[in-house]
Each structure stands twice: as C-alpha cells, then as structure tokens.
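1. Prediction below, plus the sequence it came from.
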Number of protein chains: 2
Amino acid sequence: MNTRTELESLGEIGLINRINQEFGAPTRPETVRGIGDDAAVIDTGGPDYWLISTDMLLEGVHFDLAYTPLKHLGFKAVAVNVSDIAAMNGTPLQITVSVALSSRFSVEAVEELYAGIKAACESYRIDLIGGDTTSSRSGLVISVSVTGRVPKDRIAYRNTAQPNDVVCVTGDFGAAYCGLQLLEREKQVFLADPTMQPEISEDKSYVLERQLRPSARTDIVYELQDLGVVPTAMIDVSDGLASELLHICTQSKTGAVIFDENIPIDDVTYLVATELNLSPLTAALNGGEDYELLFTIRPQEFEKLKNHARITPIGYLTDKPDSVLLGTKAGQYTPLKAQGWKHF
Amino acid sequence: MNTRTELESLGEIGLINRINQEFGAPTRPETVRGIGDDAAVIDTGGPDYWLISTDMLLEGVHFDLAYTPLKHLGFKAVAVNVSDIAAMNGTPLQITVSVALSSRFSVEAVEELYAGIKAACESYRIDLIGGDTTSSRSGLVISVSVTGRVPKDRIAYRNTAQPNDVVCVTGDFGAAYCGLQLLEREKQVFLADPTMQPEISEDKSYVLERQLRPSARTDIVYELQDLGVVPTAMIDVSDGLASELLHICTQSKTGAVIFDENIPIDDVTYLVATELNLSPLTAALNGGEDYELLFTIRPQEFEKLKNHARITPIGYLTDKPDSVLLGTKAGQYTPLKAQGWKHF
C-alpha cells in the first residue's frame, strides 16, 4: 500500500459508508434488512421477524471507571442494546456478552459487573445465552449482542416515514449529557486536588442516573401495541435527538419541522445545564445517550396518543427533503445539524 | 467490598462457572439452550432451530500484528465464529462485526481487515448484517457474532454422546500451534536483530496458513447430511483436542479411549514440530486453534463414514466417566488432561 489515509479524515460515518458499499446488498434469503437500521431483520420462517443488534463499549472511550460503578455499567451495556430492539418496535429476548478484563480487576469487581448485567436481564425479561470472557492488555471491553422478535405487521424501520406524519418522542432529553458533564467536572476537581471528595447533591441525582444507568423504553413498545398504533418510523436516541431525526428524514426522504418549546427537558436538566453554563436546548438536541425513542405516526393516529404522559409530539414531517428545521415561538426557523459523537 | 480475589486464582473456566451459577437457567420459552455449547439454540417458531454464537479477539492476547496480515485476521475472526455454527451441525447465515481501532490504523489498513471479512462472508455464503466501528485507546478489538440454522432433528449438542460411540475428527491437528511457534520464533529473531528479515521457507506454509487463516469445516456439515449421519455429539476444536474431548465426556457423562497412532498429524506439522523441539503429539492434543470438528457417531453408523478421506476415527466412548484415556500401540494408557489456553 502506497497511500495512507487517516481515519480522522473519513470519520465514523464515512468509514461505515465505505464498508457498506464494499459489501453490497445481503444475499441470503433469510436477511430481510442488513446494515442501516437499529437492528438487522431476519425471516426465520416463523410468524415473527427476528432482530439482532450489537454494541461494543470500551473503557476510556465510552465510559470512565473513575466515576462509573461497575454494576451500573453492566446494566447500561445491556440497556443500550435492548434500546435498539425497542427502536424496531420489538421485544428483546436474549443477549450474548463478551467481556475483556485486565488482571487489575478482581473477581469481586467482575461479579459487580455481572450483577448489573443480571439486573438488566431481569428488568427486560431476557436470557443471557452466551458470550466470552478473556483477558485484555489494557482496558475493559464489553461487547453485547441482543436478539428480539416483532410481528411482521408491527415492525418499525427508519425509512418508512411520510410527509405530514407527527414526530413524537418519549421521556425527556439532555439529562444524560448534563450528567456526564457533571461527573467530568467533579473528576477534574478530584484530579486537581485528591483530598477533595466529589460532592454531587441529591437533587441532581436524576441526571446522574440517566447517564450511568439509562433505561430502554420497552414499556412504550407494549403501550403502542395496546393503543393499536404502529409507528411509521422509529429510532432510538443514542447520538442526540437532532442526529436521529436527520437519520429518519434522510432515510425516509422527507423534511421535518420541530419546535424548540415542545422538546421535553426535565427541571433537573435545566438546573444542572444552567449551573454548567450549557444551553439546555443544545444538550437536549445534541447531547446523546438519552436512549429515548423518536418515532413518527400518521396524523390520524395522533388522537390515540395525545394524552399519553410519556409521549410528546414535537413537530411534523414535510415533503422537503434536506430541510430539517427547528422552529421557535417567535417564528424563526434554523436548520438542524447533527453533532453526534465523533469517534475518531 | 472488603475482600479481593485475583482473577488468576479462579481462572477463565472458574469465572464462567461462577457467572453461570449466578444467572441460573434461561427463562424465555424461545431459549432452547443457553450457555454451555458451541452456540445458543433458539426456537423461533419456524421449522429450524436458530443458532447464535459470539467471539471477541484482542490484539496482544489473541493475535500479534507483528506477523498477522490484517486481511487474514479479518478472515479468521469470521471463520472461528462460523466454526461454532458448524459444531452444532448448522449452516451459518449472518454475522455482525464490531471493530475498535486506534488512530494508528489508516483507512487502507481498515479496508484490508474488511477485505478479509468479506472474503470469509463469500467463502461461507453469509451476510454482514450489522456492527459497530469505534475508537480504541489501545489495541485493535474485533467482536463477531454469528447466526445459523439447523433442522431440529439434525442438531448436535455436546452432552448427548453415549458409551460405545465412535470418536471421529476432521482434518489434522497441531499445525496451527506449530505455525504460531514458528512465527513467534521469527519475531524474536527480528526483535533481537532488526536487520534480520524473518525467513520461513515455502515448504512450511501449511502450518502458517493454519494459524493465520484457518477454515471452518462447514463442508463436513453438508457431507454428514448427504451421508445421512447425525453426530450424537459435536464440538469444534479451538482449545485443543484433549480439552474438547473432555468437554464432550464431561457433559455427556461418558469416558473415552483414543489412540495416539490414530490422531491425524500432517507431515509438515511433524517437520516443524521436530525443528522446534516440540512433540508433534502434544501439539496435536493441546495446541488448539485447529478449528476442526470432533464428533461422535453410533457404532452402526461408522460404515457410512469409514472411507471418508477427511474424517478419521480416533477412539470410542466408554461408560466410565472421569476416565478419558490416551492409548499407545504398546498398550499403555494415560489419562488425558486439558491444557487449553489460560486467559488470566
């Protein structure tokens, strides 16, 4: 090889696009959908589609053990995968977990990690069915794959939304990002003066929990079923609300308008963001790691959801691809930009 | 936590046993078999069982980039997973691949890795359906999950062998281990004097290929089907022939006798082992990474396989659990011991 192209110059999305192009479309009749959605979709010949998704978390990149309890980390590693199954409108079934550990971890520490994994398995009613433990020369690595199932007529892809659909979200946004910033600040205080003990007051625990031990919205999948609603498109919010809305719009070839005053932000998030000199709205739009669901429904279905306490309509889709706008009360519209995580 | 138990004191198997005990039996009706075989087994309501398995490879633990071409590494990462599906008598279908990379890798290097993954996908006729690329603070990490399917009446577990079954193996043993030792020796020569270029003669390429670019024996799965034979038990040889035979015996509650003169060892393996002052038989029994299949069949089925060029009978099972013996021509019997990889 004569040339050297830096990964940085291509970026994660660029790299993924290049790999996908190289591989081309799936060839097996069992593969209904490969790369490009929250989970791959498999037709096993049974009544439901089967789903599979995978995520890898690395110490120093995705988590910092200086302030991440191992039990929470185990829970989170499972929850972020389960969230991908929920984003297909599916029910999670099983996980495999591979863990690489260095000798600085004690058996007790590993048991803490697995206690968190077990708590997540119980919470989401899934089985641990396989995996791998191995040594690592450096940090902790956790790789989880998750399976799920969804009735064929209830699956929700990213690329099937239509103009005029109502854009809805579950829960609230920006808390996980504010939690991370708070933890990073306390870590810097501690590093500067190790006699200082980090002190985070009880009233901020909400944002910490959202960062350290997020939940997957499997509850919403059941409730949508009860309400008789199938989203026209759905995605989970891991990289930031703006970034995920752009994914739906790009893949569905629609535009969108969402309104800043509609975006649900918790009071604690406001409090912490203000204390940290962050814009609560920016944290909500670009912070990431909320693991809420962003979905679209036909306008005539909206009646069924409008009184749901944990679902908020934030805007609608348009027939103008490339126009994804944030509107203010004052009637100003600015284009939304994805500012998700840069991994290289 | 007041006590600290070192991982070393428990070992990988001890740790896995502890985790499994903690988790207990699977609870989902879809989970036919969880941890404890080459792959987990899922009932999707369709005609076949669905299989899933996962493996993670870390730089500095499972491979050394000083002598591992990235293209071969990509192929191997897939092949070792496909091998787990073959070990259930199944057909591989799909993989997900997560890769963690540091910035020292160029885009061209990553493309080499994925070229190997693609070559494996084409070789085994499987789809790449998902994954993850992320940055790593240290070495390269590759985590692969594989799916497969197998007709319900053709599945081969580890725990269903019976006394008097014939123990068979595919291919030959010890080559991958000898290849590794050869590569390690040349690396030491190079480290001691960087002006020395590693020199491995052409006639040893077989053992290098077995180490760097192993194949999964999916061919045997098709041939067993053509011959109308369902193994009573099957496992793939990743940790060493002795260790895997012990797994079948322990899980099936049988003993075994195998004969040293029956264990297939290639001429090149003999040559290299002798040059390296290794016992070819020890390399074959304990070397690992052969990715051949070890299986058992009912004695009355043996007629169907006895002329198969790539299948060798090496012994039989007995009704004496805890007695797994290696017999010599001279009529001496010694207990087989597992000397698989120690990961901590």
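-> The structure has been received and is ready for your questions.
2. the strands in chain A, which residues?
-> Assigned by DSSP state E, chain A shows strands spanning A:31-33, A:40-43, A:48-58, A:91-101, A:127-135, A:141-151, A:166-170, A:233-236, A:255-259, A:293-297, A:311-318, A:324-327, A:333-335.
3. Could you point out which of the ones you listed sits nearest B:Val166?
-> Judged by C-beta to C-beta, the one of the strands of chain A that comes nearest to B:Val166 is strand A:127-135, at 29.0 Å. C-betas here are computed from N, CA, C, even on glycine.
4. which secondary structure elements does the closest one contact?
-> Contact analysis of strand A:127-135 by 3 or more C-beta pairs under 8 Å, 6 or more residues apart in numbering or on different chains; DSSP states H and E lists strand A:91-101, helix A:107-124, helix B:7-23, strand B:31-33, strand B:40-43, strand B:48-58 as its packing neighbours.
5. Tell me, how many residues neighbour the residue nearest to A:Val32 when sequence neighbours are not counted?
-> Leaving aside its sequence neighbours, A:Val32 sits nearest to A:Val41 (C-beta to C-beta, 6 or more residues apart in numbering or on different chains; 4.1 Å). A:Val41 has 23 neighbours, counted by other C-beta atoms under 10 Å in any protein chain shown.
6. partner residues bridging A:Val41?
-> Listed beta-bridge partners, A:Val41: A:Arg33, A:Leu51 (assigned using DSSP bridges).
7. just flag whichever of the strands of chain A has the lowest average confidence.
-> If you rank the strands of chain A by mean pLDDT, strand A:127-135 sits at the bottom with a mean of 92.
8. Off-centre distance for it?
-> Distance of strand A:127-135 from its chain centroid, counting by C-alpha atoms, centre = their mean, to the nearest Å, is 23 Å.
9. mind checking which of the helices and strands packed on strand A:127-135 is nearest A:Thr134?
-> Among the helices and strands packed on strand A:127-135, strand A:91-101 comes nearest to A:Thr134, with 5.1 Å by C-beta to C-beta.
10. Can you name every helix or strand that the closest one contacts?
-> On a contact count with 3+ C-beta pairs under 8 Å, 6+ apart, strand A:91-101 meets helix A:70-86, helix A:107-124, strand A:127-135, strand A:141-151, helix A:218-227, strand B:40-43, strand B:48-58, strand B:141-151.
11. Give the pairing partners of the third one; include direction for each.
-> Paired strands of strand A:127-135, with direction, are strand A:91-101 (parallel) (DSSP bridges).
12. by how many degrees do the strand it pairs with and strand B:141-151 diverge?
-> Calculated by axes from the mean of the first three to the mean of the last three C-alpha atoms, to 10 degrees, strand A:91-101 forms an angle of 140 degrees with strand B:141-151.
13. In contact with the residue positioned nearest the centre of chain A: list those residues for me.
-> Residue closest to the mean C-alpha point of chain A, counted by C-alpha atoms, centre = their mean, is A:Ser238 at 2.5 Å. Residues in contact with A:Ser238 (C-beta atoms under 8 Å, 6 or more residues apart in numbering or on different chains) are A:Val80, A:Ser83, A:Glu244, A:Gly288, A:Glu289, A:Asp290, A:Tyr291.
14. any idea how far the third one is from A:Leu293?
-> Spelled out, that is A:Glu244. Applying C-beta to C-beta, to the nearest Å, the value for A:Glu244 to A:Leu293 is 9 Å.
15. quick revisit: next one: the residue nearest to A:Val32 from A:Leu245, what distance?
-> Distance of A:Val41 to A:Leu245, given as C-beta to C-beta: 22 Å.
16. what does A:Leu10 give?
-> Taking C-beta to C-beta, one finds A:Leu10 at 24 Å from A:Leu245.
17. Among the two, which residue is more densely surrounded?
-> A:Leu245 (26 against 17).
18. wouldn't the more buried one be in contact with A:Asn286 here?
-> No - A:Leu245 sits out of contact with A:Asn286 when judged by C-beta atoms under 8 Å, with a separation of 11.3 Å.
19. List the residues that are in contact with both of the two.
-> Joint contacts of A:Leu245 and A:Asn286 (C-beta under 8 Å, 6+ apart) do not exist.
20. now A:Ser9, nearest residue through space, not along the chain?
-> B:Val107 (7.6 Å).
21. Tell me which residues touch that neighbour, please.
-> The contact partners of B:Val107, taken as C-beta under 8 Å, 6+ apart, are A:Thr5, A:Glu6, A:Leu7, A:Ser9, A:Leu10, A:Leu15, A:Arg18.
22. now do 7 Å
-> Counting by C-beta atoms under 7 Å, 6 or more residues apart in numbering or on different chains, B:Val107 touches A:Thr5, A:Leu7, A:Leu10.
23. Also within reach of chain B: list those from these.
-> By C-beta under 7 Å from any C-beta of the partner chain, the members of the contacts of B:Val107 lying near chain B are A:Thr5, A:Leu7, A:Leu10.
24. Tell me how many other residues surround A:Leu224.
-> 24.
25. How about the contacts made by it?
-> A:Leu224 is in contact with A:Asn89, A:Pro231, counting by C-beta under 7 Å, 6+ apart.
26. do you know how far A:Asp127 is from A:Ala273?
-> 39 Å.
27. same deal with A:Asp219?
-> 26 Å.
28. Start and end of stretch A:165-181, how far apart?
-> Its first and final residues considered, stretch A:165-181 spans 34 Å by C-alpha to C-alpha, to the nearest Å.
29. now do stretch A:210-227
-> So stretch A:210-227: terminal residues 27 Å apart, C-alpha to C-alpha.
30. For it, buried residues please.
-> Buried residues in stretch A:210-227, defined by neighbour count with 16 or more other C-beta atoms under 10 Å in any protein chain shown: A:210-218, A:220-221, A:223-224.
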